[in-house]
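Participant: Fold the following and give me the result.
(chains A, B, C and D)
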2 protein chains.
Amino acid sequence: MTELPPVVARMWGREPGTRRGPRPRLDLATITAAAIEIADADGLAGVSMSGVAARVGVAPMALYRYVGSKDELLTVMADGAVPPPPERDGRSWRDYLVAWTRANRDLLLRRPWLLSLPGLDPPMGPRRLRWLDRALDALGDTPLDDGERFNVVTALTGYALTDATLTHRMSSGGRGLDDAGITGAADYGEVLAEVLDPQAYPALTAMMRAGLLRESEGWTEDADFRFGLDLLLDGVEALIARRATNAGA
Amino acid sequence: MTELPPVVARMWGREPGTRRGPRPRLDLATITAAAIEIADADGLAGVSMSGVAARVGVAPMALYRYVGSKDELLTVMADGAVPPPPERDGRSWRDYLVAWTRANRDLLLRRPWLLSLPGLDPPMGPRRLRWLDRALDALGDTPLDDGERFNVVTALTGYALTDATLTHRMSSGGRGLDDAGITGAADYGEVLAEVLDPQAYPALTAMMRAGLLRESEGWTEDADFRFGLDLLLDGVEALIARRATNAGA
DNA sequence: ATCTACTGTGTAGAACGTACAGTATTAGTG
DNA sequence: CACTAATACTGTACGTTCTACACAGTAGAT
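Facilitator: As a prediction, this is how the structure comes out:
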């Protein structure tokens, strides 16, 4: 039996039982809740140990009774920020996965600081694993095997992440280079146009000339999102179809 | 004409012309090269202004003549770390995009610190844009329109990123929770098994019982990678097929 | 009642990013 | 050529941030 790292235990609700010293005045949940509120208000940069400690009314060092380091706190936040996944409501696996992926992406847009966390994926906590479970369950209707289901969910997660990163950076202007006042796709296109050498970037310049990055008629962010997602799901359906005919042979 | 932020100008090779003061002893390229060497050796955490300055033989504050802040340096590194994209070599769009995406993923595995950079995507520099250009060019053979091509590339990028994140965290054990000695998929599975409530996570526990996360016969990391990628590309082909018949109608 | 494990505090230190003032260096100007 | 002014880099200093460590108070165990 593997030793559970203490934070992991607490993240899964296993706060230690009655022990010797004074009764703890905090628990991991209230600490992460405070940290998340700060991140929601001021972004990841606003989250400091002292800040979180102040918000829960405690000295900074007290947090280290619940968390081994700031990095650990960030990891726990990455799980704590996740709401329950959408309900199935009798939808087909495909309809459900569309809703699931969109909810995933919307979460990332509502809490953009999740995007700047270093590497979200595998050390999943209870909430993130619940999402994984629901998606796997939806794929239970399909003839895919376990590994394939897992890979499908991985691809969907990645798509949500990329799409969220892109639309967030495009709309509200990220950090770094955008400090010069470049915000929004149009400005970005202008800067690019100024600097792109048509010889070295033929396909790109052609596209820019055609006006890709300016808003076109009837274009919506959501249409873009659906497009890539349907790409993936069409691939899944194609696989299922192949699987079905192969099984008959 | 939009004012180019100074770092952007330098990133695109536009070092300022002869000016009044002493001749510069550095340029942005050598600074970023030094920073990248440090990151390759010690990870992102090892990159500090003083460290980079020491490596190029200069006082820390000198760097601020070339870079507005550490964040800017990181942004420039994100582009500088990118090699030239694969050559087309007469391959079909699909074969090329497979190679392209794999090269993309391999890069992320070779320089894992890229994975922990906050938000890679849109402030692309010359090298990353070159990748984008090559992928768009490959899709030039297809009847997709500009926006669709762009979305396809986006999805592929996202897939490379997710796959790299996953395999990196699984194999070499990331930071955070894994400090307790959890490395590799098998260990991860054990920890999960210990903590998962079958009631709340039915699909997941079923899968674990079936032994997903243990190595199975004939399984390779690359097979997983190809699987998800083919999913996406099958979707693209389905779209192209639909497009072709619609065009005839 | 005493022991002892435990919780939260206070202080202190190391590392880091960067603002600011100063010094040396060079191109332009008369 | 002498002078001016813009520039590159240095040195110092300050504010933050994370965290190690020693301590005081608390409450279950014996």
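
Participant: Helices of chain A, start to end?
Facilitator: Per DSSP state H, chain A carries helices over the ranges A:6-11, A:28-42, A:49-56, A:70-80, A:93-110, A:126-138, A:146-172, A:184-195, A:202-209, A:221-248.

Participant: Residues in contact with the second one: which ones?
Facilitator: What it means is helix A:28-42. A:7, A:10-11, A:15, A:46-47, A:51-52, A:55-56, A:63, A:66-67, A:73, A:76-77, A:80-81, A:111, A:113 (CB atoms under 8 Å, 6 or more residues apart in numbering or on different chains). Yep, even glycine has a C-beta here, placed from its N, CA and C like the rest.

Participant: tell me, which of these make contact with chain B?
Facilitator: A:Val7 (CB under 8 Å from any CB of the partner chain).

Participant: from the contacts of helix A:28-42, which would you call buried?
Facilitator: A:7, A:10-11, A:47, A:52, A:63, A:66-67, A:73, A:76-77, A:80-81, A:111, A:113 (16 or more other CB atoms under 10 Å in any protein chain shown).

Participant: closest point of chain A to DNA strand C, which residue?
Facilitator: A:Gly21 (2.3 Å; CB to the nearest atom of the strand).

Participant: What is the neighbour count of that residue?
Facilitator: Burial of A:Gly21 is recorded as 5 neighbouring residues (other CB atoms under 10 Å in any protein chain shown).

Participant: any idea how far A:Thr157 is from it?
Facilitator: 41 Å (CB to CB, to the nearest Å).

Participant: With A:Arg105 instead?
Facilitator: The value you get for A:Arg105 to A:Thr157, if CB to CB is used, is 10 Å.

Participant: can you check A:Val56 too?
Facilitator: Taking CB to CB, one finds A:Val56 at 31 Å from A:Thr157.

Participant: Now flag whichever of the buried ones among the contacts of helix A:28-42 is closest to DNA strand D.
Facilitator: For the buried ones among the contacts of helix A:28-42, the nearest to DNA strand D is A:Val47 (6.7 Å; CB to the nearest atom of the strand).

Participant: What residues does chain A have near DNA strand D?
Facilitator: Selection of chain A residues close to DNA strand D by CB under 7 Å from any atom of the strand yields A:18-23, A:47-51, A:60-61, A:64, A:69-71.

Participant: Buried among these? Make that a ChimeraX selection.
Facilitator: The ChimeraX command for the buried members of the residues of chain A next to DNA strand D (criterion: 16+ other CB under 10 Å) is given here:
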select /A:47,49,71
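
Participant: Mark which of the residues of chain A next to DNA strand D are part of strands, please.
Facilitator: Applying DSSP state E to the residues of chain A next to DNA strand D, no entry is found in strands.

Participant: how about the nearest residue to A:Leu74, chain neighbours excluded?
Facilitator: A:Leu117 (6.0 Å; CB to CB, 6 or more residues apart in numbering or on different chains).

Participant: residues from chain A in reach of DNA strand C?
Facilitator: Within reach of DNA strand C by CB under 7 Å from any atom of the strand, chain A has these residues: A:16, A:19-26, A:53, A:58-62, A:65-66.

Participant: repeat that for 10 Å
Facilitator: Selection of chain A residues close to DNA strand C by CB under 10 Å from any atom of the strand yields A:6, A:15-16, A:18-27, A:31, A:49-50, A:53, A:56-66.

Participant: Quickly list the domain ranges of chain A.
Facilitator: A:6-80, A:93-172+A:215-248 (automatic domain parsing).

Participant: ok, of those, where does mean pLDDT dip lowest?
Facilitator: Of all the domains of chain A, the segment with the smallest mean pLDDT is domain A:93-172+A:215-248, scoring a mean of 88.

Participant: any idea how far it is from the chain center?
Facilitator: Centroid separation for domain A:93-172+A:215-248 versus its chain: 10 Å, with CA atoms, centre = their mean, to the nearest Å.

Participant: Now A:Pro84: closest residue in space that isn't a chain neighbour?
Facilitator: In space, A:Pro84 is closest to A:Arg130, 6.8 Å off (CB to CB, 6+ apart).

Participant: Hmm, B:Gln199 and the one you found touching each other?
Facilitator: No - A:Arg130 is beyond contact range of B:Gln199, at 11.7 Å (criterion: CB atoms under 8 Å).

Participant: higher neighbour count, those two?
Facilitator: Higher neighbour count among A:Arg130 and B:Gln199: A:Arg130, with 19 against 7, using other CB under 10 Å.

Participant: can you pull the contacts of the more buried one?
Facilitator: A:Arg130 touches A:84-85, B:200-201, counting by CB under 8 Å, 6+ apart.

Participant: Near A:Pro143, how many other residues are there?
Facilitator: Neighbours of A:Pro143 (other CB under 10 Å): 12.

Participant: repeat for A:Pro6
Facilitator: By other CB under 10 Å, 17 other residues sit near A:Pro6.

Participant: Chain neighbours aside, what residue packs nearest to it?
Facilitator: A:Gly68 (7.3 Å).

Participant: circling back: ok, now which ones touch the residue nearest to A:Leu74?
Facilitator: A:44, A:74, A:77-78.

Participant: what would the residues you listed look like in a markdown table with distance to A:Asp137?
Facilitator: Listed next are the contacts of A:Leu117 as a markdown table, based on distance: CB to CB, whole Å:
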| residue | distance to A:Asp137 |
| --- | --- |
| A:Leu44 | 32 |
| A:Leu74 | 29 |
| A:Met77 | 26 |
| A:Ala78 | 23 |
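
Participant: Widest-spaced pair of these?
Facilitator: Largest separation among the contacts of A:Leu117 by CB to CB: A:Leu44 and A:Ala78, giving 10.8 Å.

Participant: and those two? which has more neighbours close in?
Facilitator: Neighbours of A:Leu44 and A:Ala78, each counted by other CB under 10 Å, are more numerous for A:Ala78; the result is 25 against 17.

Participant: how about that one, what does it touch?
Facilitator: Going by CB under 8 Å, 6+ apart, the list of residues near A:Ala78 reads A:114, A:117, A:120, A:125, A:128.

Participant: Please apply the same query to A:Ala210.
Facilitator: B:Asp146.

Participant: What is the burial count for A:Arg14?
Facilitator: 12.

Participant: gap between it and A:Gly80?
Facilitator: Here A:Arg14 is placed at a distance of 15 Å from A:Gly80 (CB to CB).
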